[in-house]
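A.B. asks: Generate coordinates for the sequence data below:
(chains A and B)
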Amino acid sequence: MNKKKTIRISLLVLAAVLVLLEAVAIIVAWPRPAAGMAPGTVQNNQKAAAKLKAETAALDKKIGALAPKALFIVIDSARNTLTLETGKEVLLQAVVSCGSGSILEEPGGKRKWIFDTPRGEFQVKSKVVDPTWVKPDWAFIEEGKEIPKKREERFEAGVLGDYALGFGDGYFIHGTLYSRLLGRSVTHGCVRVGDKDLKAIYQAASIGTKIYIY
Amino acid sequence: MRFRRSMRRSGFLALAAFCVLFSAVPARGEDQTASLENRLAKEELLLAKTPSLYFIVYLKSKMIALRSRGMTLQEWKVQSVHLWGDAPPLAALMLDKKSTLFPPKRAKIQPAAKEEEAAAFELEALELKDMPSRFTLFLSGGIQVFIRPKAGGFFPRLGNLGHLLVWNLWLPLKNLSFELKKKPFAAIDIKLEKKEDGQAMYWALPDGVKGLVFPL
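C.D. replies: Next comes the predicted model:
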């Protein structure tokens, strides 16, 4: 009986300690204000406040000036959409295909490729009509073929559509033979566009046109 | 009678002085807002000058924005925000890693052995639907951001119950241990309006991306 009582009391004491510890932890963890929100950190001065506001407006203007002035392209790689816009109006919205996110390893494990569409700010670096694909090493490895020694053996015509817009590191916005796969993430990192939309993008974009990919 | 009149006069003077003082000095809140907005603009300018994407979490406005060059590319509405510990500093924070119970797995392409195999080959895509909607962002400076969707259905509700236990019992204790070790700790709980928003956020925020947490 005494043993049972001791256990019961011990459990109660333990529970009380835990509750107390949790209460202390909650009090300590209570959200503290940001440095600028703490009282006494800001001068109560109308002139200073007005100066701050003017400085903020100037900074906002500087930030605004960084946005493209001319037409630009926005690619949502998650939803596989491409938008051609000017900032004020949307000129074109297209369903595209972006990187599959798959991994390819060279037999022997020497090299590895991750087929993601790169993200960030880019710009159109080249514009090509009737582009020929210069197949990179991974294309041969994926197909189980030997990597050719001659550059000419890498050329493959007619697979990139009528136009291609290069945006660096071998990535292109180009056409596709697989229009049924538009809207799905199936490419090796390039952005595939349907024929009609590709023509409109090619005609509207020029060298230097900004591309934002997220 | 004279006493009453003098009382009335002094009361009026006190009221007038109060009104003059009050009109001359802007509200402290207004000053703080101006100061914080100024700091946000300074920090955002530094991020916008780079070609990388960045994010801003607006705690009070309940919104998360993905930006580039000051342009908003994507916005996610937040249903509720809760915090524990230190307020995150208003400075560029880096996303060190994302953590989730079932991380999406990249498909491995098996090189084709024969040409016929290569012709029949189909890519396995990692798509938006494969992304988790419930995950934690570990930002630099010991800041953890818990992202979860509004619960609907049995399993999401069960998940939210688990999260509530972690949030209300485990995290205060963790904060206490960090406090004793004199290490910074902050936890932000963000409940999104849509499950798809969480998935899109998981997709759009790669490891290494920088961002700001704005208290307003």
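A.B. asks: Can you tell me how far the most centrally placed residue in chain B is from A:Leu59?
C.D. replies: For chain B, the residue nearest the mean C-alpha position is B:Val57 (3.9 Å; Cα atoms, centre = their mean). To A:Leu59, B:Val57 is 19 Å away according to Cβ to Cβ, to the nearest Å. For every residue, glycine as well, the C-beta is placed using N, CA and C.
A.B. asks: Please apply the same query to A:Asp76.
C.D. replies: 28 Å.
A.B. asks: What ranges does chain B have for its helices?
C.D. replies: B:2-24, B:28-48, B:115-120, B:154-165, B:171-180, B:195-204 (DSSP state H).
A.B. asks: hey, least reliable of those by pLDDT?
C.D. replies: Sorting these by mean pLDDT places helix B:2-24 lowest, at a mean of 48.
A.B. asks: so A:Lys135 touches A:Glu156, yeah?
C.D. replies: Yes. The pair formed by A:Lys135 and A:Glu156 meets the contact definition of Cβ atoms under 8 Å, at 5.7 Å.
A.B. asks: These two - which one has more neighbours?
C.D. replies: A:Lys135 (18 against 12; other Cβ atoms under 10 Å in any protein chain shown).
A.B. asks: Next, give phi and psi for A:Leu198.
C.D. replies: phi -60, psi -40 (degrees, to the nearest 10).
A.B. asks: Skipping its backbone neighbours, what lies nearest it in space?
C.D. replies: A:Gly175 (4.9 Å; Cβ to Cβ, 6 or more residues apart in numbering or on different chains).
A.B. asks: Please tell me how far that neighbour sits from B:Pro206.
C.D. replies: In terms of Cβ to Cβ, A:Gly175 sits 28 Å off from B:Pro206.
A.B. asks: ok, now B:Leu171?
C.D. replies: Relative to B:Pro206, and taking Cβ to Cβ, B:Leu171 is found at 26 Å.
A.B. asks: So those two - more neighbours on which side?
C.D. replies: The neighbour comparison of B:Leu171 against B:Pro206 (other Cβ under 10 Å) goes to B:Leu171, with 22 against 15.
A.B. asks: name the helices or strands packed onto the longest strand seen in chain A?
C.D. replies: Of all segments of type strand in chain A, defined using DSSP state E, the longest is strand A:90-97. Other helices and strands packing on strand A:90-97, by 3 or more Cβ pairs under 8 Å, 6 or more residues apart in numbering or on different chains; DSSP states H and E, are strand A:81-85, strand A:191-193, helix A:195-204.
A.B. asks: looking at it, B:Pro103 is touching B:Pro132, isn't it?
C.D. replies: Yes. In this structure, B:Pro103 is within contact of B:Pro132 by Cβ under 8 Å, at 7.1 Å.
A.B. asks: Those two: who's more crowded?
C.D. replies: Neighbours were counted for B:Pro103 and for B:Pro132 using other Cβ under 10 Å; B:Pro132 has more, 19 against 13.
A.B. asks: ok, so what distance separates the spatially closest residue to the more buried one that is not a sequence neighbour from A:Ala58?
C.D. replies: Spatial nearest neighbour of B:Pro132, excluding adjacent residues (Cβ to Cβ, 6+ apart): B:Thr100 at 4.3 Å. To A:Ala58, B:Thr100 is 41 Å away according to Cβ to Cβ.
A.B. asks: neighbour-wise, which of those two wins?
C.D. replies: Legend: neighbour count by other Cβ under 10 Å for B:Thr100 and A:Ala58, higher for B:Thr100 (15 against 11).
A.B. asks: so who does that one touch?
C.D. replies: Contact partners of B:Thr100, counting by Cβ atoms under 8 Å, 6 or more residues apart in numbering or on different chains, are B:132, B:134-136, B:202.
A.B. asks: again, only using 10 Å
C.D. replies: B:131-136, B:147, B:198, B:202 (Cβ atoms under 10 Å, 6 or more residues apart in numbering or on different chains).
A.B. asks: The residue nearest to B:Ser140 when sequence neighbours are not counted: how many residues sit nearby?
C.D. replies: Excluding its sequence neighbours, the residue lying closest to B:Ser140 (Cβ to Cβ, 6+ apart) is B:Met94, at 4.5 Å. Look at B:Met94: counted by other Cβ under 10 Å, it has 13 neighbours.
A.B. asks: quick one, what contacts the residue lying closest to A:Gly166 once chain neighbours are set aside?
C.D. replies: Distances taken as Cβ to Cβ, 6+ apart place A:Ser126 nearest to A:Gly166, at 3.8 Å, with adjacent residues excluded. Residues near A:Ser126 by Cβ under 10 Å, 6+ apart: A:164-168, A:172, A:207.
A.B. asks: okay, these in JSON lines with pLDDT and secondary structure next?
C.D. replies: Shown next, in JSON lines, are the contacts of A:Ser126 (pLDDT from 0 to 100; DSSP: H, G, I helix; E, B strand; the rest coil):
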{"residue": "A:Ala164", "pLDDT": "98", "secondary structure": "strand"}
{"residue": "A:Leu165", "pLDDT": "98", "secondary structure": "strand"}
{"residue": "A:Gly166", "pLDDT": "98", "secondary structure": "strand"}
{"residue": "A:Phe167", "pLDDT": "97", "secondary structure": "coil"}
{"residue": "A:Gly168", "pLDDT": "95", "secondary structure": "coil"}
{"residue": "A:Phe172", "pLDDT": "98", "secondary structure": "strand"}
{"residue": "A:Ile207", "pLDDT": "97", "secondary structure": "coil"}
